[in-house]
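[1] Make a model of this:
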Amino acid sequence: MDCSTPAKMLKVCSGHGCKAWDSEKILAMVRESVNHSDDPKNTCISAVSCMNKCGGGVSVEMLPSGESLKLRKPNEILKVLNLPK
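    The predicted structure is shown next:
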């Protein structure tokens, strides 16, 4: 995916703790949904190393807002981003 000029960026932690909470499944779900959206180049999704916000779910950061989330279930990300299942 081209991340040179995205309007939005989604960073998903790929540290050991977040992997235990299914961060890889979250990445797959978001990529699948974004690829089926009207403008897939509008959003850049990336796995990042440990964000040092461990415990209680997967750490996700949305840019440009800078909002950070903790997700306990992978499907929660689709609701947060208003993406189709």
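[2] is it true that Val34 touches Ile45?
    Yes - contact criterion CB atoms under 8 Å: Val34 and Ile45 qualify, at 6.4 Å. No exception for glycine: its C-beta is placed from N, CA and C like everyone else's.
[3] Give me the more crowded residue out of these two.
    Ile45 (23 against 20; other CB atoms under 10 Å).
[4] List the contacts of that one.
    1, 9-10, 12, 27, 30-31, 34 (CB atoms under 8 Å, 6 or more residues apart in numbering).
[5] run the last query once more with 7 Å
    1, 10, 27, 30-31, 34 (CB atoms under 7 Å, 6 or more residues apart in numbering).
[6] which of these are buried?
    10, 27, 30, 34 (16 or more other CB atoms under 10 Å).
[7] Could you look up the SS state of the last one?
    So that's Val34. Here Val34 is recorded as helix under DSSP: H, G, I helix; E, B strand; the rest coil.
[8] what's the pLDDT at it?
    Note on Val34: pLDDT of 80.
[9] can you check the third one too?
    For Val30, the pLDDT comes out at 89.
[10] how far away is it from Ala7?
    15 Å (CB to CB, to the nearest Å).
[11] Confirm that Ile26 lies within a helix, as I assumed.
    Yes - secondary structure of Ile26 (three-state DSSP): part of a helix.
[12] What is the neighbour count of it?
    26.
[13] Flag every buried residue along the lowest-mean-pLDDT helix or strand in the chain.
    Within the chain, confidence by mean pLDDT, DSSP states H and E is lowest for helix 76-81 among all helices and strands, at a mean of 86. Across helix 76-81, burial judged by 16+ other CB under 10 Å covers 76-78, 81.
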